[in-house]
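Colleague: Quick one: sequence and predicted model below, then my questions.
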Amino acid sequence: MHFVILFGPQAVGKMTVGQSLAAKTNFKLFHNHMSIEFVAPFFEYGTPSGNRLVSLIRQEIFEEVSQSSMDGFIFTYVWGFDLQQDWEYVEGITNLFESRGWTVYWVELEAELEERLYRNKTPNRLEHKPTKRHLEKSEANLIRTHEKYRLNSLPGEISRDHYLRINNSKLGPDEAAEMIRERFQF
């Protein structure tokens with residue numbers, strides 16, 4: 001059983017690479033906006049109620065999936081490397097799955113800011129993430145978090161056996177997914 005945590009900054013391509021990887025492997029994809037979009041009609045993400053509900057949904061999904069016999073599961077996440085609670089969150093879900101016999105893979109995506117600003121407006125992203133459809137607000141948030149947080153790791157900061165970093169600035173999602181599939185032999 002394979003658990004892939006696909007992480008990187010907003011609009012780097014986590015969902016689209018995850019969609020392609022899921023199609024190539026038959027793994028199930030749980031992109032982070034699935035929980036955000038479910039809660040958004042009731043509570044905005046970033047508010048205490050919105051954050052609590054998103055966290056509860058994710059944790060319940062992780063509990064059920066980690067106890068299942070599913071072949072593979074992909075989760076996407078924006079990881080603030082300068083935030084201790086983000087490190088603890090990723091370690092916590094990693095430990096949950098590993099404690100139940102899953103092999104966990106950390107896959108980091110990085111792309112230039114200009115490319116991410118372009119991807120922020122793509123039809124696939126807007127179709128699956130309604131809260132991103134207010135483009136001015138979405139773009140401002142992307143730039144603000146780019147300036148405020150460190151959303152990619154430093155060289156050597158991650159030393160896991162099952163870790164892969166891909167600069168997908170000039171790669172399509174199928175190319176990046178194929179790199180992941182080949183590297184981990186899915």
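Modeller: Cool, the structure landed. Just so you know, these numbers come straight off a predicted model, no measurement behind them.
Colleague: who are the neighbours in contact with the closest residue in space to residue 97 that isn't next to it in sequence?
Modeller: Excluding the flanking residues, the one nearest residue 97 by CB to CB, 6 or more residues apart in numbering is residue 3, at 4.4 Å. All C-beta spots, glycine's among them, are computed from the backbone N, C-alpha and C. The contact partners of residue 3, taken as CB atoms under 8 Å, 6 or more residues apart in numbering, are 66, 72-75, 94, 97, 102-105.
Colleague: Taking those, please make a PyMOL selection of just the buried ones.
Modeller: The buried residues among the contacts of residue 3 can be selected in PyMOL (16 or more other CB atoms under 10 Å) with this line:
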select buried, resi 66+72+73+74+75+94+97+102+104+105
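Colleague: Going by distance to residue 25, which of the contacts of residue 3 wins?
Modeller: residue 72 (5.7 Å; CB to CB).
Colleague: Quick check: chain neighbours aside, which residue is closest to that closest one?
Modeller: residue 27 (3.1 Å).
Colleague: What distance do you get for that neighbour to residue 178?
Modeller: Residue 27 sits 14 Å away from residue 178, going by CB to CB, to the nearest Å.
Colleague: Comparing the two, which shows the higher neighbour count?
Modeller: More crowded of residue 27 and residue 178, by other CB atoms under 10 Å: residue 27, with 21 against 16.
Colleague: which residues does that one contact?
Modeller: 2, 4, 21, 70-74, 186 are the contacts of residue 27 under CB under 8 Å, 6+ apart.
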